[in-house]
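Colleague: pasting the structure only:
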């Protein structure tokens, strides 16, 4: 049996199992391609070319961005979805921009939130999972900082994002429902456009990728020390999850007690995807040379 047939069988079997409520899977990016793996890091499989993968809550599809190089200086990025079972890629043609990125699935899997730049600023937008009903949730403002790192709230009635100074909760009409100043949540903490927000499965906490105003102590590290923090939306209390010696960023929840994140030890060439419980225990490297992990919803 040749490799192409084996690959097709893998995709079909995985899709069938996922549709029946399969165990969680990881989608991640490696070398400008979208990969999936079991939640324990085994069974790595490339499924598409692209970046910023986000696996759907049921694990059957992955939203991502295509990368099409037009010239040495111009690149087009379109929103797309790949079906895990068949490998079929659908590129969304009705988005009025050639520069889109950072998808996030709604909890009911019907819509995808992302950012796009049809003009000189970035808009927060929503589209149906089949590429229809494109609409702007929060238009960009020429006189305001871009809203980065969009993510759906677990109830599907609002979204979170950040502008490097504040974290926002926005209603589906774009109105601000909540606002938290980052350096008040986390003293000496900051966020850039590359930082990330994720919402716990119970909807009660945010997992924040924070750039700390601390010395890294590493000769091979250029930039602020990255750390992961959990922010409780009810108590308004933030808790640091990664110690200074363990750099952590691009964090996502596996379930309410465990997370995935990126890290790189001193002297290592590539980023790796790690798993850890929120009490700092059970640290394990799952995937080498991976970035921007996402995981489908835990089984209930």
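Modeller: Great, that's in hand. The structure presented is a predicted model; accordingly, all values stated were derived computationally and were not measured.
Colleague: Would you map the strands across the stretch 201-300 of the chain?
Modeller: 205-212, 225-232, 238-240, 249-255, 258-263, 272-277, 284-288, 291-295 (DSSP state E, counting those that start in this stretch).
Colleague: Same list, the ones you listed, but as JSON lines with mean neighbour count and mean pLDDT please.
Modeller: Backbone N, C-alpha and C define where each C-beta goes, glycine included. Shown next, in JSON lines, are these (neighbours: other Cβ atoms under 10 Å; pLDDT from 0 to 100):
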{"stretch": "strand 205-212", "mean neighbour count": "24", "mean pLDDT": "98"}
{"stretch": "strand 225-232", "mean neighbour count": "21", "mean pLDDT": "97"}
{"stretch": "strand 238-240", "mean neighbour count": "17", "mean pLDDT": "98"}
{"stretch": "strand 249-255", "mean neighbour count": "22", "mean pLDDT": "97"}
{"stretch": "strand 258-263", "mean neighbour count": "23", "mean pLDDT": "98"}
{"stretch": "strand 272-277", "mean neighbour count": "20", "mean pLDDT": "98"}
{"stretch": "strand 284-288", "mean neighbour count": "16", "mean pLDDT": "96"}
{"stretch": "strand 291-295", "mean neighbour count": "23", "mean pLDDT": "97"}
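Colleague: Between those strands, which one is closest to residue 70.
Modeller: strand 291-295 (23.3 Å; Cβ to Cβ).
Colleague: Which secondary structure elements does the closest one sit against?
Modeller: Judged by 3 or more Cβ pairs under 8 Å, 6 or more residues apart in numbering; DSSP states H and E, strand 291-295 is in contact with strand 25-30, strand 51-55, strand 249-255, strand 258-263.
Colleague: Tell me the helix or strand right after the first one.
Modeller: Read in the C-terminal direction, the helix or strand following strand 25-30 is strand 33-38, with elements assigned using DSSP states H and E.
Colleague: That next one to strand 25-30, inter-axis angle?
Modeller: Interaxial angle, strand 33-38 versus strand 25-30 (axes from the mean of the first three to the mean of the last three Cα atoms, to 10 degrees): 150 degrees.
Colleague: hmm, back to that, reformat the helices and strands packed on strand 291-295 as CSV; add distance to residue 147.
Modeller: CSV is the format used below for the helices and strands packed on strand 291-295 (distance: least, Cβ to Cβ, whole Å):
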stretch, distance to residue 147
strand 25-30, 22
strand 51-55, 16
strand 249-255, 19
strand 258-263, 23
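Colleague: what about those, which gets the closest to residue 131?
Modeller: strand 51-55 (15.3 Å).
Colleague: what's the angle from that closest one to strand 25-30?
Modeller: Going by the same axes, to 10 degrees, strand 51-55 makes 180 degrees with strand 25-30.
Colleague: Point out where the stretch 51-200 of the chain drops to low pLDDT.
Modeller: The stretch 51-200 of the chain contains no residues with pLDDT under 70.
Colleague: Would you reformat the strands of the stretch 201-300 of the chain as TSV and include distance to residue 97?
Modeller: Formatted as TSV, these follow (distance: least, Cβ to Cβ, whole Å):
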stretch	distance to residue 97
strand 205-212	26
strand 225-232	30
strand 238-240	35
strand 249-255	24
strand 258-263	28
strand 272-277	30
strand 284-288	31
strand 291-295	21
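Colleague: what about these, which gets the closest to residue 35?
Modeller: Across those, closest to residue 35 is strand 284-288 (Cβ to Cβ), at 8.3 Å.
Colleague: Show me what that closest one is packed against.
Modeller: Looks like strand 284-288 contacts strand 25-30, strand 272-277 (3+ Cβ pairs under 8 Å, 6+ apart).
Colleague: what pairs with it, and is each one parallel or antiparallel?
Modeller: In the sheet, strand 284-288 lines up against strand 272-277 (antiparallel) (DSSP bridges).
Colleague: to the chain's geometric centre, what's the distance from the partner strand?
Modeller: With Cα atoms, centre = their mean, to the nearest Å as the basis, strand 272-277 stands 15 Å off its chain's centre.
Colleague: I appreciate the help and will end here.
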